[in-house]
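Enquirer: could you look at this predicted model? Sequence included:
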Amino acid sequence: VVYKASHEDGVSSGVLGILGSTLVSRGELTLQPSLLASKCASCATAPDALRLETSISYSDTVVAVNYVIFAGSALLDDVNGIFYPALFKVNTAPSTLTGDGVEMYLDTTSVKVLDTCEGQLDAKQGRFSTFTAMTSYDGKGYVGTSGRDGDCDGCYRRAACIFMFDLGFAEGASPTAVIALDADLGERDVTSATVQPAATASDKTYMFWAVGKRDGEASRIVKIEIGGSDTS
């Protein structure tokens, strides 16, 4: 088990730890996200530097390394309290535990949060979104957004967005594609996701996303085909 935890005092930096199969600690170190520190040194040591909401496991069979990929948001401006969607990948081997990971922040990536994802055009697009559900298939990860309405008067017009990324992404990499769902149908926040692989060569592989609003309104299930020539 790999975990990230916040300190109960609300002041100290978070920790990154690993538990063995009997839930005995195999190591715990202070969270030290190096890419985040290069962007905002004081952000990286803040108690809520990474707000992580979901995760998936990933095995790199080429180099025989197992990872956990966390998704959520990261503090990138502690003066104004601005968070951006983030991915944080951690090697699960206790001997590699450093408090750091492989990081992706959607503040300056080539594929960014769309204005559709937040219901408005903003100079710091992405600051009203976080990742809340994730799934994977065939070397690709798929992660969906939810909004932070408490910080954003106009976000009620937003649509949940689904980002695709390489599971083997390197430090500072970008997602490879993004699609927006339909705000008019109430598809504003994602809460869970799964993949149904093709059963035969003639079948298709699909993702299923539970979407709605996290404040309790009615939910929907959105079905999205994976693969094919039409990546829209």
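Expert: Done, it's in.
Enquirer: what is the subsequent helix or strand relative to the longest strand seen in the chain?
Expert: Taking DSSP state E as the criterion, the chain has its longest strand at strand 65-77. Using DSSP states H and E, the helix or strand that follows strand 65-77 towards the C-terminus is strand 82-91.
Enquirer: how about the CA coordinates for that following strand, as CSV?
Expert: What follows is strand 82-91 as a C-alpha-only set of coordinates in CSV (Å, rounded to 0.1, in the frame of the first residue of the first chain):
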residue,chain,number,x,y,z
ILE,A,82,-4.3,28.5,-6.6
PHE,A,83,-4.3,24.7,-7.3
TYR,A,84,-4.1,23.0,-10.6
PRO,A,85,-5.0,19.4,-11.6
ALA,A,86,-2.0,17.1,-11.0
LEU,A,87,-0.7,13.6,-11.4
PHE,A,88,1.9,12.1,-9.0
LYS,A,89,3.5,8.8,-9.8
VAL,A,90,5.4,6.8,-7.1
ASN,A,91,7.6,3.7,-7.4
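Enquirer: give me the buried positions along it.
Expert: By 16 or more other CB atoms under 10 Å, the buried positions in strand 82-91 come out as 82-91. Placement of C-beta: from N, CA and C, glycine included.
Enquirer: among the residues you listed, find me the one that's closest to residue 103.
Expert: residue 88 (5.8 Å; CB to CB).
Enquirer: tell me the confidence at the closest one?
Expert: On pLDDT, residue 88 comes in at 98.
Enquirer: next: residue 61.
Expert: So residue 61 comes in at 88 (pLDDT).
Enquirer: now do the strands in this protein.
Expert: According to DSSP E, the strands that the chain contains are 2-5, 15-19, 25-30, 50-60, 65-77, 82-91, 102-105, 129-137, 140-147, 161-166, 177-180, 189-196, 205-212, 220-226.
Enquirer: among those strands, which is nearest residue 42?
Expert: Here strand 65-77 is closest among the strands of the chain (CB to CB), at 9.1 Å.
Enquirer: and that closest one, which residues are buried?
Expert: 67-76.
Enquirer: list the neighbouring strands of it plus their orientation.
Expert: strand 50-60 (antiparallel), strand 82-91 (antiparallel) (DSSP bridges).
Enquirer: CA atoms only: put it into PDB for me.
Expert: What follows is strand 65-77, C-alpha atoms only, in PDB (Å, rounded to 0.1, in the frame of the first residue of the first chain):
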ATOM      1  CA  VAL A  65       8.800  -1.500 -11.900                       C
ATOM      2  CA  ASN A  66       5.500  -1.100 -10.200                       C
ATOM      3  CA  TYR A  67       4.000   2.300  -9.600                       C
ATOM      4  CA  VAL A  68       1.000   4.000  -8.100                       C
ATOM      5  CA  ILE A  69      -0.300   7.000  -9.900                       C
ATOM      6  CA  PHE A  70      -2.200   9.500  -7.800                       C
ATOM      7  CA  ALA A  71      -4.500  12.200  -9.200                       C
ATOM      8  CA  GLY A  72      -5.900  15.300  -7.700                       C
ATOM      9  CA  SER A  73      -4.600  18.900  -7.500                       C
ATOM     10  CA  ALA A  74      -1.400  20.700  -6.500                       C
ATOM     11  CA  LEU A  75      -0.800  24.000  -4.900                       C
ATOM     12  CA  LEU A  76       1.200  26.200  -7.400                       C
ATOM     13  CA  ASP A  77       0.500  29.600  -6.000                       C
END
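Enquirer: angle of it against strand 15-19?
Expert: Relative orientation of strand 65-77 versus strand 15-19 (axes from the mean of the first three to the mean of the last three CA atoms, to 10 degrees): 160 degrees.
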